[in-house]
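Chemist: I'd like to go over a predicted model; first the sequence, then the structure.
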Amino acid sequence: MNEDELLARLQAADLARVPTAPPDIDRLLEAAMTTTTTRAPVDTGKPRRNLRPRLLSAAAAAVLAGGGFIAWQTTQAPASAPSAAPLVLTVQGTAGSAKCAAPTVGILRKNSTAFEGTATSVTGDRVTFHVKHWYRGDAGVSTVTLEHIQGLESVTFTAGDRYLVTARDGEVGMCGGTVWAEPQMRDLYRRAFPSER
């Protein structure tokens, strides 16, 4: 078998060489070049605008504003309202065997400090209050500590309970106004400090 015969056999066995008509390249090329396809735009009645520049501008403005806000925030003081330093009161003297008169409007009015607060901690000879309402005194203070509470024999402090407390010049008297907050005593405080509620 010579080379020409071998080549003829190989070509006959090649499945990829299935005899087909060659494509008409010229006709296909001409059809592609002359045919135009256009999609009709949807008519919304509004002029068509390019939104991309506006979106990019809005995104850039948002980034700048966010960065400016963060920079401003780092230079500002904390947002919480300033609170005055805790107030410290002291019980004067000791009760001894003295008997105390029941508090009256007149007795209460003599005090320079009056508030209602919740006892947040009772440790040793000290009680700390979270002030709920000021009748008289520094309304900017939210924490009051009362020291030497053993001098108040008529009151036993318990954390979580509410109390009415009075003091004059930083001293809580043994008698006259530091009591458990009950409705009757609250009413007495309201009458004693009517313009300062």
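Modeler: That came through, no problem. All values reported here derive from a predicted model rather than from experimental measurement.
Chemist: what are the ranges of the helices in the protein?
Modeler: Taking DSSP state H to define them, one finds helices in the chain at 3-13, 25-34, 52-75, 105-109, 183-192.
Chemist: What would the second one look like as PDB? C-alpha coordinates only.
Modeler: In PDB, the C-alpha atoms belonging to helix 25-34 read as follows (Å, rounded to 0.1, in the frame of the first residue of the first chain):
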ATOM      1  CA  ILE A  25     -19.400  32.500   4.400                       C
ATOM      2  CA  ASP A  26     -20.100  35.400   2.200                       C
ATOM      3  CA  ARG A  27     -23.900  35.200   2.600                       C
ATOM      4  CA  LEU A  28     -23.600  34.900   6.500                       C
ATOM      5  CA  LEU A  29     -21.300  37.800   6.600                       C
ATOM      6  CA  GLU A  30     -23.500  40.000   4.500                       C
ATOM      7  CA  ALA A  31     -26.500  39.100   6.600                       C
ATOM      8  CA  ALA A  32     -24.700  40.100   9.800                       C
ATOM      9  CA  MET A  33     -23.500  43.400   8.400                       C
ATOM     10  CA  THR A  34     -26.800  44.500   7.000                       C
END
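Chemist: picking that back up, comparing the helices of the chain, which yields the minimum mean pLDDT?
Modeler: Mean pLDDT is lowest for helix 52-75 among those, at a mean of 61.
Chemist: Any idea how many residues pack against residue 157?
Modeler: 18 (other Cβ atoms under 10 Å). (C-beta placed from N, C-alpha, C; glycine too.)
Chemist: Hmm, residue 163 and it touching each other?
Modeler: Yes: Residue 157 is within contact range of residue 163, at 7.0 Å (criterion: Cβ atoms under 8 Å).
Chemist: mind checking how far residue 142 is from residue 130?
Modeler: 6 Å (Cβ to Cβ, to the nearest Å).
Chemist: between the two, who's got more neighbours?
Modeler: Shown here are residue 142 and residue 130; by other Cβ under 10 Å, residue 142 has more neighbours (17 against 13).
Chemist: Can you pull the phi/psi pair for the more buried one?
Modeler: phi -110, psi -10 (degrees, to the nearest 10).
Chemist: Not counting its neighbours along the chain, what's nearest residue 116?
Modeler: Closest residue in space to residue 116, ignoring its immediate chain neighbours: residue 133 at 4.6 Å, by Cβ to Cβ, 6 or more residues apart in numbering.
Chemist: same question, residue 111
Modeler: residue 166 (4.0 Å).
Chemist: For the one you found, which residues count as its bridge partners?
Modeler: Per DSSP bridges, the residues bridged to residue 166 are residue 114.
Chemist: Test my guess that it contacts residue 114.
Modeler: Yes: with contact defined as Cβ under 8 Å, residue 166 reaches residue 114; the gap is 4.8 Å.
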